[in-house]
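Participant: Let's see this in three dimensions:
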Amino acid sequence: MKIATAAYKMDVLDDWAAYETKIEAWVREAAQGGADLLVFPEYGAMELATLAGLDVAADLQASIRAVSERVPEADALHSRLAARYGVYILAASAPVEAGQGLPVNRARLVAPSGAIATIDKQIMTRFEREDWGVRGGDPLRVFDTELGRIAVLICYDSEFPLLGRAVGGASLLLVPSATEALAGYWRVRIGSMARALENQCVVAMSSTVGACPWSEAVDTNVGMGGVFCPPDVGFPSTGVIAEGVLNQPGWTFAEVDLRQVETVRHDGVVLNRLHWTDQQGRDDVPAVTELK
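Facilitator: Sure, this is the predicted structure:
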């Protein structure tokens, strides 16, 4: 299959029609490029706040409410586009007021049938905890699709190996991200590559890019698209299948054969996933030995 992973630039939207036109143009370009699966980034939906006015978009809590109110319409649009173009789409995540107090950071995986499944971020960054008041959402999920078994870890979640292990049955892991600095981009990328190594799977990472001076939440964005793998039999020795250009908006495409994941898991040069349990009993804090 072919994966298209986005370096996505958010815009000030004049009206809903402008958003529809923009998203369809992105989907059409990826589909015409042969993509079967499109991966949009974390918080890429924040541009929806501009539909309520720049004063709302600039206010953290007001922007959360404005975006959350638009998510059902955005979902309907993505459902129509997935069906029209015959692709799977991971829609850009959004803060969603899910009726349980604090909002969650929610992505949605849309099938070519138009069916939609939700995925929530599990562990919040300091900004989300201390400034936004965003909480962890529903438990992680793994999806059986026509393309293979897919899971999603949203941005910071990719930096935690036990979350990766929890969805380790997936052959393809999607990591939508939004990072304001180069260090943040590399933290998520290093986490994504580590998850690909230890779970012997393919990881597709997307990013928001560019300046959004109208938003306190996503004012600066650094990143690029990338698709990573275990550096083992049948995969690139670098662990990088494809990568975009830093901060350049657009799609990064990668041809992926998930059958190779099963080959590596069963007969790779190393068997990280199989040998995971060999760590058990070795996590006690070792004694400190003086050596001078």
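Participant: Following element in sequence after the one helix or strand in the chain whose mean pLDDT sits lowest, please.
Facilitator: Within the chain, no helix or strand scores below helix 126-127, which has a mean of 93 by mean pLDDT, DSSP states H and E. Toward the C-terminal end, the helix or strand that comes next after helix 126-127 (DSSP states H and E) is strand 142-145.
Participant: tell me which residues of that next one are tucked away?
Facilitator: 142-143 (16 or more other CB atoms under 10 Å). For the C-beta atoms, the positions are set from N, CA and C on the backbone; glycine is no exception.
Participant: Alpha carbons of it, in CSV - could you do that?
Facilitator: Extracted in CSV, the C-alpha atoms of strand 142-145 (Å, rounded to 0.1, in the frame of the first residue of the first chain):
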residue,chain,number,x,y,z
VAL,A,142,-6.4,-1.3,17.5
PHE,A,143,-8.2,-1.5,14.2
ASP,A,144,-8.5,-4.3,11.7
THR,A,145,-8.7,-2.7,8.3
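Participant: that older thread, packing partners for the least confident helix or strand of the chain?
Facilitator: Helices and strands touching helix 126-127, as assessed by 3 or more CB pairs under 8 Å, 6 or more residues apart in numbering; DSSP states H and E, are absent.
Participant: ok now it, how far from the chain's centre?
Facilitator: Here the centre of helix 126-127 is set off from its chain's centre by 18 Å, with CA atoms, centre = their mean, to the nearest Å.
Participant: who touches it?
Facilitator: Helix 126-127 has contacts (CB atoms under 8 Å, 6 or more residues apart in numbering) with no other residue.
Participant: got it, and stretch 164-173?
Facilitator: By CB under 8 Å, 6+ apart, the list of residues contacting stretch 164-173 reads 3, 37, 140-143, 147-153, 158, 192, 194-196, 198-199, 201-204, 256, 258, 261-262, 273, 276.
Participant: mind listing which of those residues are in strands?
Facilitator: 3, 37, 142-143, 148-152, 202-204 (DSSP state E).
Participant: PyMOL command for the buried members of those residues?
Facilitator: To isolate the buried members of the ones in strands among the contacts of stretch 164-173 in PyMOL, using 16+ other CB under 10 Å:
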select buried, resi 3+37+142+143+148+149+150+151+152+202+203+204
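Participant: longest single helix anywhere in this structure?
Facilitator: With DSSP state H setting the assignment, residue counts place helix 60-85 as the longest helix in the chain.
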